[in-house]
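Enquirer: quick one: sequence and predicted model below, then my questions.
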Amino acid sequence: MMPATFDVEKVLTNISEQDKIALLSGIDFWHTHPIPEFNVPSIRATDGPNGIRGTKFFAGIPAACLPCGTALGATWDRDLIYQAGRLLGDECIAKGAHCWLGPTINMPRSPLGGRGFESFAEDPHLSGILGKSIILGAESKGIISTVKHFVGNDQEHERRAVDVLVTQRALREIYLRPFQIVARDAKPSALMTSYNKINGKHVVEDARMLNLIREEWKWNPLVMSDWYGTYTTIDSMNAGLDLEMPGPSRYRGKYIESAVQARLIKQSTIDARARKVLEFVRKASQVEVSEVERGRDSQTDRALNRKICANSIVLLKNEDILPLPKGIKKLALIGSHMKTPAISGGGSASLEPYYSVSLYEACREANPNADLLYEVGSYAHKMLPVIDRLLTNAVIHFYNEPTGKKRRLISTEPISTTAFQFMDYNAPGLNRELFWATLSGQFMPDASGLWDFGLSVFGTANLYIDDELVINNTTNQTRGTAFFGKGTIEELGSKELVAGTTYKIRIEFGSANTTTMKSVGMVNFGGGAANLGACLRMDQDKMIENAVKIATEADYAIICTGLNKDWESEGFDRTHMDLPPGVDRLISKVLKVAADKTVIVNQSGTPVTLPWADQARCIVQAWYGGNETGHGIADVLFGDVNPCAKLPLSWPVDVRHNPAYLNYASVGGRVLYGEDIYGGYRFYEKTGRKVLFPFGHGLSYTTFEVSSTVTVAPQIFNMDCPAVATVQIKNTGKMAGAEVLQLYISAPESPTPRPNKELHGFEKVFLQPGEEKTVDIQLDRYATSFWDEIEDMWKSEQGTYEMLIGTSSQEVVARGNFQVDRTIYWLGL
Ligand code: BGC
């Protein structure tokens, strides 16, 4: 699509009132309203945040899948995240999109948050700086970022209804801070409002919140609602919401016309919102995007994605095991994630990847001559794994009638897996409100025995194998967590099957509105969805026994397990922090016999309980790693990449220790942010509570020495030209590597309580063996200020501030200080 040229004011003056109003909502799931007579094109937005899915949830064009937000956070690497933004920009262009819906810069208050994996970090400074980097990267390709979700969408439970009760101080210092940083440093051209309320009002219709960004921060992005997150006509218009998404409109259009006639919305308000949409369209359309949605999987992108993944892997513990030597003869590969990597969390972040590399495949590449022994050890799925590689000739037929002679075929789509979501699917003649579909295909099991099948649905569905009803999920439906919380639980059935035999598999599906469940407080994406999984039933004890046997026999063992997109997803929060049932027992049993040669690799987007951590000698945190998951992990395990990532989240010993433990789910319609400004490490440090691994922790294969003093210049803090801290660092080991120097500020004693320390700067330094560097770390004006609730302003208080350089939040290696010579109040950025 060619860049559009039009004069916003001229268009505004000359278009019809209907067009003006039509600009204020999407026309469908992903597009804005075009006005061809005036050269105003339709702009395409797409998810975000760890890849560019394009316009289709169902039968979409595959995409590059990047590591999840917390993995990107763990790199602490501005340049790499900028590169990630450029890659997303290129992917947008290929998908015909001008604007992506990301990054997510909400705060993972608790390890249980369903979307915690999407955000970068528990610390607002780190989150804001990496947010800025990815936005600038995408912008360098002409693509607009939509930073989200403004603000307080930090849990999934009742996300559209929950009233977040938070002090102004915590709101400013913790939850708004990442948005403030991107407003200051990147000024992205779009912002998405959150679903929730803040202190009694939905953000999407709260003029105070939306004026804050425009008037106080002087940042004027297009403000769009989250999907189905516009709840009113008048209040959202008057508060400053420019664009209702998705379309067709539910609250605008004719309702706006009527509200204008009743003088409940001013003409000037409509003009202001339409002007903003036009400005956005003009800016967005400057990039030339592909006419057709296509993929673009190149070697350069693969290499970058692999580098990002490897650089996100955190070495949590290593007692003389890693890196593994080259030329291993016998390697035991154990675990649920060994052959099925977890590449992304669930919900709108998930997408169909170009490909994915498992750790098993990567170990084979790295050790072509080794004898690889494999055992799953323990299943770790929440829902049975979808059928894909054992499925052939699968198609879905769509109809407007459930059954009967009058049933007419509307469309047919090929499918390669037994999971589908129809929220944005349409075909000529299909009644989107109420339709039916039949999935049919051939299933050839690779093992004989009793197979378990599991079917969850948003809508209704029955499973037939060779025309025999195996699962009925049409009557007596029970609500579960799948499909953004709209789906049923997984209904189970089983059947004795013979390996190598072809079975006819059929799902009779009814769309969303055929559901028999009542929906409360959740987003209704329409269309419906279903997920069919299958797996050979195995004896748990036997599986563990087999794994222990190969671990004993081998020179080394790697266990790769963890969570996946069914455990961590948009739409619901986790109910506990534990690994899936059976996994801890597997790990403990293997460690009992082979701790001195076993590496544990955990894949999860946020912390999980590791009850065997003391027993283990080597623990690696591998997040959701995108297409290159297996390569990224193997590069670190076999020493091709020296681990250089640091935890962007504190890792509690026990879920009950986390700062939000008493105040997480929505109770009585509200959630109290009782930990106030003490989120993450601020909380653990203030309360003296031990964590398993602290924020900022991560080991390397080399060693670094940091000068014990920090020079700070100028000594007197100047708001317009804040101090620079200077330290020396040397790589004293034998391998090239990187250290992240973390700059924390500890404020002077004051009547207003402050955290023990707060991150206000960082620098990642790459060093060859023996190399030494002088490193400058720049502070910003936020470093000394807290939000004064009486004055409603930032306050930088007079006194001596300590500057701490850490290699984690707990490993302080150098100290210095500086003065603030007079107290200053300020507002703005
Ligand atoms: C999510 C957004 C996402 C949108 C479109 C919503 O459910 O909260 O983050 O961008 O859907 O998929």
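Expert: Thanks, I have it.
Enquirer: which parts of the stretch 151-300 of the chain sit against the ligand?
Expert: Within reach of the ligand by Cβ under 6 Å from any ligand atom, the stretch 151-300 of the chain has these residues: 226-227. For every residue, glycine as well, the C-beta is placed using N, CA and C.
Enquirer: helices along the stretch 151-300 of the chain, start to end?
Expert: Using DSSP state H, counting those that start in this stretch, the helices of the stretch 151-300 of the chain run over residues 168-170, 177-185, 207-211, 234-239, 254-261, 267-284, 299-310.
Enquirer: could these go into JSON lines alongside mean pLDDT, distance to residue 367 and mean neighbour count?
Expert: JSON lines is the format used below for the helices of the stretch 151-300 of the chain (pLDDT from 0 to 100; distance: least, Cβ to Cβ, whole Å; neighbours: other Cβ atoms under 10 Å):
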{"stretch": "helix 168-170", "mean pLDDT": "98", "distance to residue 367": "50", "mean neighbour count": "16"}
{"stretch": "helix 177-185", "mean pLDDT": "98", "distance to residue 367": "42", "mean neighbour count": "23"}
{"stretch": "helix 207-211", "mean pLDDT": "98", "distance to residue 367": "55", "mean neighbour count": "17"}
{"stretch": "helix 234-239", "mean pLDDT": "98", "distance to residue 367": "58", "mean neighbour count": "22"}
{"stretch": "helix 254-261", "mean pLDDT": "96", "distance to residue 367": "64", "mean neighbour count": "16"}
{"stretch": "helix 267-284", "mean pLDDT": "98", "distance to residue 367": "48", "mean neighbour count": "19"}
{"stretch": "helix 299-310", "mean pLDDT": "98", "distance to residue 367": "17", "mean neighbour count": "19"}
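Enquirer: out of these, which gets nearest to residue 88?
Expert: helix 299-310 (10.6 Å; Cβ to Cβ).
Enquirer: extract the C-alpha set from the helix or strand just after that closest one and format it as PDB.
Expert: The helix or strand immediately downstream of helix 299-310 is strand 314-318, counting by DSSP states H and E. What follows is strand 314-318 as a C-alpha-only set of coordinates in PDB (Å, rounded to 0.1, in the frame of the first residue of the first chain):
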ATOM      1  CA  VAL A 314      19.300 -16.900  33.100                       C
ATOM      2  CA  LEU A 315      21.800 -19.100  34.700                       C
ATOM      3  CA  LEU A 316      20.300 -19.300  38.200                       C
ATOM      4  CA  LYS A 317      22.700 -21.800  39.800                       C
ATOM      5  CA  ASN A 318      25.800 -23.500  38.600                       C
END
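Enquirer: in its sheet, what does strand 314-318 sit against?
Expert: Sheet pairing for strand 314-318, assigned by DSSP bridges, gives strand 618-621 (antiparallel).
Enquirer: quick revisit: export the helices of the stretch 151-300 of the chain to CSV and append columns for distance to residue 685.
Expert: Shown next, in CSV, are the helices of the stretch 151-300 of the chain (distance: least, Cβ to Cβ, whole Å):
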stretch, distance to residue 685
helix 168-170, 16
helix 177-185, 18
helix 207-211, 30
helix 234-239, 38
helix 254-261, 50
helix 267-284, 42
helix 299-310, 30
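Enquirer: give me the number of residues near the closest residue to the ligand within the stretch 351-500 of the chain?
Expert: Going by Cβ to the nearest ligand atom, the ligand is nearest to residue 484 of the stretch 351-500 of the chain, at 6.4 Å. Residue 484 has 25 neighbours, counted by other Cβ atoms under 10 Å.
Enquirer: ok, now how distant is it from residue 172?
Expert: From residue 484 across to residue 172, the span is 30 Å (Cβ to Cβ, to the nearest Å).
Enquirer: what do you get for residue 444?
Expert: From residue 444 to residue 172 the distance is 59 Å (Cβ to Cβ).
Enquirer: neighbour count winner among the two?
Expert: residue 172 (23 against 16).
Enquirer: what about stretch 445-461, average pLDDT?
Expert: Mean pLDDT, stretch 445-461: 96.
Enquirer: what's the answer for stretch 670-683, then?
Expert: Stretch 670-683 carries an average pLDDT of 98.
Enquirer: buried set for that stretch?
Expert: By 16 or more other Cβ atoms under 10 Å, the buried positions in stretch 670-683 come out as 670-671, 673-683.
Enquirer: in TSV, list those residues along with secondary structure.
Expert: As requested, those are exported to TSV (DSSP: H, G, I helix; E, B strand; the rest coil):
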residue	secondary structure
670	strand
671	strand
673	coil
674	coil
675	coil
676	coil
677	coil
678	coil
679	coil
680	coil
681	helix
682	helix
683	helix
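Enquirer: closest to the ligand among these?
Expert: Here the nearest of these to the ligand, counting by Cβ to the nearest ligand atom, is residue 671; it sits at 17.3 Å.
Enquirer: enumerate the residues of the stretch 301-450 of the chain near the ligand.
Expert: So the stretch 301-450 of the chain meets the ligand at residue 348 (Cβ under 6 Å from any ligand atom).
Enquirer: can you give me the helices for the stretch 301-450 of the chain?
Expert: 359-366.
Enquirer: in it, what residue is nearest the ligand?
Expert: For the stretch 301-450 of the chain, Cβ to the nearest ligand atom, closest residue to the ligand: residue 348, 3.5 Å.
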